[in-house]
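> Provided below are the primary sequence and the corresponding predicted coordinates.
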Amino acid sequence: MPSVGESYKCELYGNVVEVKEADSDELTWCEEPMNMAVFKENVWMSVGSGESADE
C-alpha cells in the first residue's frame with residue numbers, strides 16, 4: 001500500500017507522482033501499476049514494487 005511521502009513512477013511515460021493521501025492498495029497510470037521510485041543522481045529510478053526505497 002502506498003504511504004504518504006513516497007514517490008511512484010509510470011514506466012510507460014516516465015510520470016512521477018508523490019503520495020499526498022494514501023487510500024488505495026495500488027497506484028496505477030495508463031491502467032498499469034506504478035513502481036516506487038527514488039531520485040538518485042539527478043534521475044528518477046524505479047525500485048520496483050514491494051522493495052524499500054532505502055536501498
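Perfect, thanks for sending it. Residues are numbered from 1 along each chain as shown.

> give me the phi and psi for the residue positioned nearest the centre of the chain.
Centroid check for the chain by Cα atoms, centre = their mean gives residue 8 as the closest residue, at 1.4 Å. Backbone torsions for residue 8, taken as degrees, to the nearest 10, come to phi -130, psi 150.

> now do the buried residues in the helix or strand of the chain with the lowest mean pLDDT.
Ranked by mean pLDDT, DSSP states H and E, the helix or strand of the chain with the weakest confidence is strand 43-46, at a mean of 80. Neighbour counts over strand 43-46 (16 or more other Cβ atoms under 10 Å) mark residue 46 as buried. In this view, the C-beta of every residue, glycine as well, is placed from N, C-alpha and C.

> show me where pLDDT drops low in the chain?
Along the chain, the model assigns pLDDT under 70 to residues 48-55.

> for it, what spans make up the strands?
7-9, 16-18, 28-29, 32-33, 35-40, 43-46 (DSSP state E).

> mind listing what's buried in the longest one?
Neighbour counts using 16+ other Cβ under 10 Å place 35-38 of strand 35-40 among the buried residues.

> quick check, nearest of those to residue 2?
Nearest to residue 2 among the buried residues of strand 35-40 is residue 36, at 8.1 Å by Cβ to Cβ.

> what's the closest of the buried residues of strand 35-40 to residue 16?
residue 37 (5.8 Å).

> who's the nearest residue to that closest one once chain neighbours are set aside bridged to?
Of all residues not flanking residue 37 in the chain, residue 9 sits nearest, at 3.8 Å (Cβ to Cβ, 6 or more residues apart in numbering). According to DSSP bridges, the residues that bridge with residue 9 are residue 16, residue 35.

> wait, what's in contact with residue 9?
15-16, 34-37, 44, 46 (Cβ atoms under 8 Å, 6 or more residues apart in numbering).
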